Structure formats: C-alpha cells, structure tokens
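Undergrad: When you get a sec, could you give me coordinates for this:
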Amino acid sequence: MSLVLYYHPLASFCHKVLIALYENETPFVPRSVDLMDADDAAAFREMWPVGKMPVLRDDTRKRTIAETSIIIEYLDRHYPGASPLLPANEGIRLDARLWDRFYDLYVQGPMQKIVTDRIRPDGCQDPHGVAAARNDLQTAYGMIEREMASKAWAAGDAFSIADCAAAPALFYAGIVVPFSAKHPNAAAYFERLLARASVTRVIAEAQPYFGSFPYRDQLPARFALPA
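TA: The predicted structure is shown next:
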C-alpha cells in the first residue's frame, strides 16, 4: 500500500490526521511508533529527525510529509475522497485554515502545557505557566462559543480540516479544563464532533491507551474502557 502513517494512538495530533483519513476512507497502513524503544525511535528519527508524530510516507511518490495541516492538504490534493477537507471556495478555505491553526495553537498548545507539566520531575513544575495556559484555554473557549453560535462546523456548513483539528484538541482540553455553563455553543459543537463516525473511531482506538494519559483520573466515565 502506498501510504504509511507513523503515529501513536494516544497522541492528539495523530488523531487529527486519522480523522482526516477516516473521513474519506483513504487506504493506509498504520505504523505505531514507540519512542521509548531505542531501535524504533532511531528508525523514526532517521526518517524525520525532529522526532515528532505523525509523519506520512507516500511510497508511490517517494515523499515523506510531516506536520498535520500539511499532511491533510497533501491527502486532499493527491488522495481526494468524497468529502474535501480544504473547501474549494477561497473565503471558506481561508476560514478553514484559520480555525485549523487556532485549534492547534490556542487549544492544543495550552492543553499540552498543562498535561506535560503533570509528568515533570518533582521541583520542575511550572505553576505560573500552567495557570497562564488555563487562562488561555478559557479565552479560546470564549472565542469558540461566539463562533459556534451560528455555525454547524468550524468553517461553516461542511466538515473540514478545521474540525479535524478541533476534535482531538477539544477532547483533551475538555478533560483538563472542562467547559463551563458559559459555553453551551462550544459544548454542543463538541458533541457534534463526537457523533462523527471518524471521531468515534479514533476515540475507540485510543481507549486502550487512556491509562497512560497523565490526567486519566479526570477522564469522563463515558470515555473509559468498559469494565
């Protein structure tokens, strides 16, 4: 098979690309990478020295593609499905790109700051940085609340690259900083994302790994593995 996705099933940015692949039923080979395994990590860094996932390898075109937004654009261009994730309309496409970056930078970013701080060695925590990240998430939630008052999806009427970014970002951010009663539109949007078949599939595949999530004690019961 031409496409191989190097990923980890717990990683939120990997979820973003998986959602895009599942949306269009794009055939690919999943290749889970264990960065704790020296050989696996070395082989992955040989391909992508930065060492961050996901990375897509296209053997047919002999291309290695990194960075989630670039991967999704590559798929949209070279392996299009029934549901384009980059809208054809220039204005809507710009909105999709904007909100894709928004969810990566202003939801995923603060969320990851909070999560990684929990697993830092004793004495190395950054409470000031975590407090700032929590405030940043509240700001982001307020912006999402206003935006989603009149839209079904992040860039308008159709599911797009922005929603691929939003689903994992809001999933993990909502665990560390849950929505409040002030965010009914944001919460309703998140529920629409959860009902999407591609998102449901990604969460189901990640469930066996949730025990390794640093905030697993705050994981909502509906996402826990069945007893």
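Undergrad: Tell me the helices and strands packed up against the helix or strand of the chain with the lowest mean pLDDT.
TA: Ranking every helix and strand in the chain by mean pLDDT, DSSP states H and E puts helix 38-47 at the bottom, with a mean of 92. If contacts are counted by 3 or more Cβ pairs under 8 Å, 6 or more residues apart in numbering; DSSP states H and E, helix 38-47 sits against strand 55-58. From N, CA and C alone the C-beta is placed, and that goes for glycine too.
Undergrad: what comes into contact with the helix or strand where residue 18 lies?
TA: Taking DSSP states H and E as the definition, one finds residue 18 inside helix 12-23. Helix 12-23 is touched from outside by 5, 7-8, 26, 28, 52-54, 56, 68, 71-72, 75, 81, 83, 85, 104, 108, 111-112, 159, 161, 163-165, 167-169, 171-172, 196-199, 201-202, 205-206, with contacts defined as Cβ atoms under 8 Å, 6 or more residues apart in numbering.
Undergrad: Do me a favour and get the end-to-end distance for stretch 18-36?
TA: With Cα to Cα, to the nearest Å as the measure, stretch 18-36 spans 22 Å from end to end.
Undergrad: Dump stretch 91-111 to PDB, keeping only the CA atoms.
TA: Extracted in PDB, the C-alpha atoms of stretch 91-111 (Å, rounded to 0.1, in the frame of the first residue of the first chain):
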ATOM      1  CA  GLY A  91     -13.100  32.600   1.500                       C
ATOM      2  CA  ILE A  92     -14.300  29.500   3.200                       C
ATOM      3  CA  ARG A  93     -10.900  27.800   2.700                       C
ATOM      4  CA  LEU A  94      -9.200  30.700   4.400                       C
ATOM      5  CA  ASP A  95     -11.600  30.300   7.300                       C
ATOM      6  CA  ALA A  96     -10.800  26.600   7.500                       C
ATOM      7  CA  ARG A  97      -7.100  27.300   7.500                       C
ATOM      8  CA  LEU A  98      -7.600  29.900  10.200                       C
ATOM      9  CA  TRP A  99      -9.500  27.700  12.600                       C
ATOM     10  CA  ASP A 100      -7.200  24.800  11.900                       C
ATOM     11  CA  ARG A 101      -4.300  26.900  13.200                       C
ATOM     12  CA  PHE A 102      -6.500  28.200  16.000                       C
ATOM     13  CA  TYR A 103      -7.200  24.800  17.400                       C
ATOM     14  CA  ASP A 104      -3.600  23.700  17.000                       C
ATOM     15  CA  LEU A 105      -2.100  26.700  18.600                       C
ATOM     16  CA  TYR A 106      -4.600  28.100  21.100                       C
ATOM     17  CA  VAL A 107      -6.300  24.900  22.200                       C
ATOM     18  CA  GLN A 108      -3.800  22.100  21.700                       C
ATOM     19  CA  GLY A 109      -0.900  24.300  22.800                       C
ATOM     20  CA  PRO A 110      -2.200  25.300  26.200                       C
ATOM     21  CA  MET A 111      -3.600  21.800  26.800                       C
END
